[in-house]
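Participant: Need the 3D shape of this:
(one chain, ligands or ions: 1)
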Amino acid sequence: MPPLAYHGSMRPADPFTRLSDYPEHRAFVGQPQRYDLAGGSQFALLFLLGLREHHRLLDFGCGSLRLGRLVIPYLKAGGYFGIEPDRALVDAGLDHELGRDALTLRRPRFLHTSDFRADGFDTTFDFIIAQSVFSHTGVAWVRRALASFAQVLEPGGLVVANFLLGPEGFGPSPETTDWVYPECVAYMPDRLQALAAEAGLVMRACPWPHPELHWFVFAREEAALPPREALGALRVAPPAWRS
Ligand SMILES: C[S@@+](CC[C@H](N)C(=O)[O-])C[C@H]1O[C@@H](n2cnc3c(N)ncnc32)[C@H](O)[C@@H]1O
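Facilitator: Got it, this is the predicted structure:
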């Protein structure tokens with residue numbers, strides 16, 4: 001992330017606010033006017049999929065703690081793990097969203113690695129979430145990350161990740177080895193299914209709303225996936241972006 005420059009205060013979203021009026025740590029991870037919605041939506045999804053306070057959660061590509069500012073206080077101390085290559089984003093999240101007291105109260109742990117591996121904490125996870133990460137990467141990194149997730153996922157655990165679905169190569173090619181941002185790499189569902197199988201995971205679509213991407217859940221075995229009816233119940237109306 002470029003050096004942070006804060007423009008104005010963190011006032012409520014306003015359709016006439018210029019992009020440059022939002023703090024950069026919010027603008028960098030997605031549309032800043034829906035920073036609250038994107039964080040709340042991830043928390044709600046994880047909660048409905050069974051996340052509870054005693055679980056260990058890996059927030060892969062945790063950015064400026066859009067989810068972290070909600071889920072770190074929710075989880076018991078030591079339950080939150082974030083991987084984010086850009087340390088400045090995490091620092092901005094701690095300073096401007098969550099507050100550094102949480103470091104002592106909840107003991108979240110962070111790694112600033114970019115190798116698409118999840119084994120750096122030397123622990124296993126009940127949930128792994130990767131929101132808006134694989135929409136910006138090619139197949140090689142998705143492959144590596146899913147294989148690594150499979151290694152550190154508890155037997156009954158879930159990976160919750162979203163992807164852009166669409167004709168491959170219409171935008172940036174899935175063969176890219178770059179981090180493609182803010183453009184998105186599109187995948188066909190068959191490709192995702194094959195990548196999951198290659199990693200030793202099973203996968204099911206999850207109809208939880210997202211304005212552009214599609215959610216999927218992955219597990220080490222079929223029995224650990226939420227039943228289809230339970231996932232079907234997550235097909236709720238998309239939340240309004242603003243109240
Ligand atoms: C669109 S942002 C989403 C951030 C966060 N998941 C959220 O919902 O706010 C994508 C994040 O992935 C991070 N990222 C980029 N390369 C990565 C890598 N190799 N491993 C993990 N995260 C990465 C970026 O720095 C950025 O914070």
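Participant: Just the strands from this structure, written as ranges.
Facilitator: With DSSP state E, the ranges of strands along the chain come out as 57-60, 80-83, 109-111, 125-130, 153-165, 186-187, 202-206, 214-219.
Participant: Show me the one of those that comes nearest Gly138.
Facilitator: Evaluated over those, closeness to Gly138 peaks at strand 186-187, with 9.8 Å, by CB to CB. Placement of C-beta: from N, CA and C, glycine included.
Participant: Give the residue spans of the chain that score low on pLDDT.
Facilitator: 1-17, 241-243 (pLDDT under 70).
Participant: same thing but 50
Facilitator: 2-12, 243 (pLDDT under 50).
Participant: So which residue is dead centre in it?
Facilitator: With distances taken as CA atoms, centre = their mean, the residue of the chain nearest its centroid is Gln131 (2.4 Å).
Participant: That one contacts Phe163, doesn't it?
Facilitator: No. Gln131 is beyond contact range of Phe163, at 10.5 Å (criterion: CB atoms under 8 Å).
Participant: quick one on the thing from earlier: let me see the contact set for the residue nearest to the centre of the chain.
Facilitator: Residues in contact with Gln131 (CB atoms under 8 Å, 6 or more residues apart in numbering) are Ala38, Gln42, Gly61, Leu67, Ala161, Asn162.
Participant: Of these, which pair is most distant in space?
Facilitator: Longest span within those, CB to CB: Ala38 and Ala161, 14.5 Å.
Participant: Show me what from the chain comes close to the ligand.
Facilitator: Contact residues, the chain versus the ligand (CB under 6 Å from any ligand atom): 29-30, 38, 60-63, 66-67, 83-86, 89, 114, 116, 131-133, 179.
Participant: Select only the buried ones of these in PyMOL?
Facilitator: Those of those that count as buried under 16 or more other CB atoms under 10 Å are selected in PyMOL with:
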select buried, resi 29+30+38+60+61+62+63+66+67+83+84+86+89+116+131+132+133
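Participant: Can you list which of the residues of the chain next to the ligand are found in helices?
Facilitator: Using DSSP state H, the subset of these located in helices is Ala38, Leu89.
Participant: picking up where we left off before, which member of the contacts of Gln131 is positioned nearest Gln151?
Facilitator: Out of those, the member with the shortest distance to Gln151 (by CB to CB) is Ala161, at 15.7 Å.
Participant: you'd agree the closest one is up against Phe127?
Facilitator: No. The pair Ala161 and Phe127 fails to qualify as a contact (CB under 8 Å) at a distance of 11.0 Å.
Participant: So for those two, which sits in the more crowded spot?
Facilitator: Neighbour tally, Ala161 and Phe127, criterion other CB atoms under 10 Å: the higher count belongs to Ala161, 29 against 24.
Participant: Contacts only, for the nearest residue to the more buried one once chain neighbours are set aside.
Facilitator: Of all residues not flanking Ala161 in the chain, Ala130 sits nearest, at 4.2 Å (CB to CB, 6 or more residues apart in numbering). By CB under 8 Å, 6+ apart, the residues touching Ala130 are Phe60, Gly61, Ala145, Val159, Val160, Ala161, Asn162.
Participant: pretty sure the last one contacts Val217?
Facilitator: Right, the one you point to is Asn162. No. If you go by CB under 8 Å, Asn162 and Val217 don't touch, sitting 10.4 Å apart.
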